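K.L.:
What would the 3D arrangement of this be:
(one chain, ligands or ions: 2)
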Amino acid sequence: MAKNIVVLAGDGIGPEIMASGLAVLQAASEKSQYSFTFEHHAFGGAGIDAYGDPLPKETLAACQKADAILLGAIGGPKWEQAEKTPEAGLLALRKALHLYANIRPVKVPDALLDCSPIKSEIVKGTDLVVVRELTSGIYFGEPRQLAADFAVDTNRYHEDEIRRIIHQAFQIARSRRKKVLSVDKANVLATSKLWRKIAEEVAKEYPDCTLAHQYVDSAAMKIVQQPTSFDVIVTENLFGDILSDEASVLPGTLGVLPSASHSISGISLYEPIHGSAPDIAGKNIANPVSMILSIVLMLRQSFDYQELADQIEQACFAVMAEGVLTPDLNGTATTEEFTQAVIAKLEE
Ligand code: ATP
Ligand code: MG
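P.N.:
Ligands and ions are numbered 1, 2, ... in the order given. Below is the predicted model:
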């Protein structure tokens, strides 16, 4: 049966890179046994323009029934003063769907070695995944208070919240090099001590994988010194926020980085890690690789269509290796030219 994909193209470069990603998926799937239906809905600034709401009711209802959700990007100067901003719509969607696990793979294909701000002998072969807990920890813990002369934040984790994110990490590790690194600050924080204990317990269910622990300060250094030493990094909300942004520097552009967010109910949302890039919107120069690789993640993690995912990813990397690059990678290809090159590569 065809998989029902809800498409939220959004704002800025969102619609451009979404069109690219869907064209690539369409071309790849036509030669496969798999099929997809695409249901487009207004979201973010586009939702405000059409319905006065960044997360219109129809959009949320469609998302809740979808097999997976693809999101382009949202926001932009036009809606900064809106009563409900596009970003508020995204937070509301994440909350409504209980998206608790944020997955950010960072790969540096050889074609991009010269673009990285880090020496190529260090980044060459980088292929890691940051698995970040998204709905708990210090961003949500109570009490929180801001007074004139003191402030309080609370880092709180329940063992169930730790357990489910560690399971995510091991399941992803199983389809990779089977190495999980749990990052914490267990020499100082009680939450980290519990985190470590639960990680050890969960690891027993995955005897085919290894588990190691590292303090967040030392992991932060190692990500830029020895990025190839990592496979799957799993960590709490705050540390994951910081480490995933740090890791996104490795390929030298935001334009090639996808993400997945998984929920308790099983529905997942896939989107580039970057924003709507209003500075380049409408110019046909956005790098669509972040969107194409978000679709690759969807095929792997929601549908287990590994072969189709591999075909698209390999075509995308092969095209970059041939020097077809968008301007963020110092190339001259337009979004459409890059897209057509990937489709042509799929047909070879
Ligand atoms: P947000 O607050 O929504 O995360 P931001 O202010 O962090 O947005 P982005 O929209 O992520 O900014 O863009 C940051 C920079 O990276 C911009 O200069 C943008 O043009 C560039 N950029 C982001 N995505 C792409 C892409 N897919 N292709 C090319 N350049 C991109
Ligand atoms: Mg940003």
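K.L.:
Show me what from the chain comes close to ligand 1.
P.N.:
13, 17, 75, 254-255, 274-277, 279-280, 286-287, 290, 328 (CB under 6 Å from any ligand atom). For every residue, glycine as well, the C-beta is placed using N, CA and C.
K.L.:
The stretch 201-348 of the chain: helices as residue ranges?
P.N.:
216-225, 237-247, 289-301, 306-321, 335-346 (DSSP state H, counting those that start in this stretch).
K.L.:
For His262, which of the ones you listed is the nearest?
P.N.:
With CB to CB as the criterion, His262 lies closest to helix 289-301 of those, at 7.3 Å.
K.L.:
by contact count, what packs against the closest one?
P.N.:
Using 3 or more CB pairs under 8 Å, 6 or more residues apart in numbering; DSSP states H and E, the elements in contact with helix 289-301 are helix 14-30, strand 68-73, strand 99-107, strand 258-263, strand 268-272, helix 306-321.
K.L.:
Flag every buried residue along the helix or strand following the longest one.
P.N.:
Sequence order places strand 36-40 as the next helix or strand after helix 14-30, per DSSP states H and E. Neighbour-count burial for strand 36-40, with 16 or more other CB atoms under 10 Å as criterion, is recorded at Phe36, His40.
K.L.:
do the same with stretch 98-106
P.N.:
For stretch 98-106, by 16+ other CB under 10 Å, it's Leu99, Tyr100, Ala101, Asn102, Ile103, Arg104, Pro105, Val106.
K.L.:
Who does the first one form a beta bridge with?
P.N.:
According to DSSP bridges, Ser263 are recorded as the beta-bridge partners of Leu99.
K.L.:
my read: it touches Glu133, true?
P.N.:
No. Using CB atoms under 8 Å, Leu99 is not in contact with Glu133; the gap is 11.0 Å.
K.L.:
any low-confidence regions in the stretch 151-300 of the chain?
P.N.:
Scanning the stretch 151-300 of the chain for pLDDT under 70 picks out no residues.
K.L.:
In it, what residue lies closest to ligand 1?
P.N.:
Gly275 (2.1 Å; CB to the nearest ligand atom).
K.L.:
So that residue is in contact with Ala73, correct?
P.N.:
Yes. Counting by CB under 8 Å, Gly275 does reach Ala73; the two are 5.6 Å apart.
K.L.:
Can you tell me the element Glu121 falls in?
P.N.:
helix 120-123.
K.L.:
All the strands of the stretch 101-250 of the chain, residue numbers only.
P.N.:
127-133, 141-146, 151-154, 179-184, 210-215, 232-235 (DSSP state E, counting those that start in this stretch).
K.L.:
The first one vs helix 237-247, what angle?
P.N.:
Same thing as strand 127-133. On the basis of axes from the mean of the first three to the mean of the last three CA atoms, to 10 degrees, strand 127-133 is oriented at 150 degrees to helix 237-247.
K.L.:
Is it possible to get TSV of the buried residues of stretch 98-106 that adds pLDDT and distance to Pro117?
P.N.:
What follows is those, written out as TSV (pLDDT from 0 to 100; distance: CB to CB, whole Å):
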residue	pLDDT	distance to Pro117
Leu99	96	31
Tyr100	96	32
Ala101	97	29
Asn102	96	24
Ile103	97	24
Arg104	96	18
Pro105	97	19
Val106	97	14
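K.L.:
Which two among the residues you listed are spaced furthest apart?
P.N.:
The widest separation within the buried residues of stretch 98-106 (CB to CB) is 20.7 Å, between Tyr100 and Val106.
K.L.:
before we move on, the earlier item: in CSV, list the helices and strands packed on helix 289-301 along with distance to Ser192.
P.N.:
Below are those laid out as CSV (distance: least, CB to CB, whole Å):
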stretch, distance to Ser192
helix 14-30, 37
strand 68-73, 32
strand 99-107, 18
strand 258-263, 23
strand 268-272, 27
helix 306-321, 34
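K.L.:
Residue of the stretch 51-200 of the chain closest to ligand 1, please.
P.N.:
For the stretch 51-200 of the chain, CB to the nearest ligand atom, closest residue to ligand 1: Gly75, 4.9 Å.
K.L.:
In a helix, that residue, correct?
P.N.:
No. In this structure, Gly75 is coil, not part of a helix, as judged by DSSP: H, G, I helix; E, B strand; the rest coil.
K.L.:
count of neighbours near it?
P.N.:
Per other CB atoms under 10 Å, the neighbour tally for Gly75 reads 23.
K.L.:
Ok, Arg174 next?
P.N.:
14.
K.L.:
Then the one 3 residues further on?
P.N.:
Residues lying near Arg177 (other CB under 10 Å) number 14.
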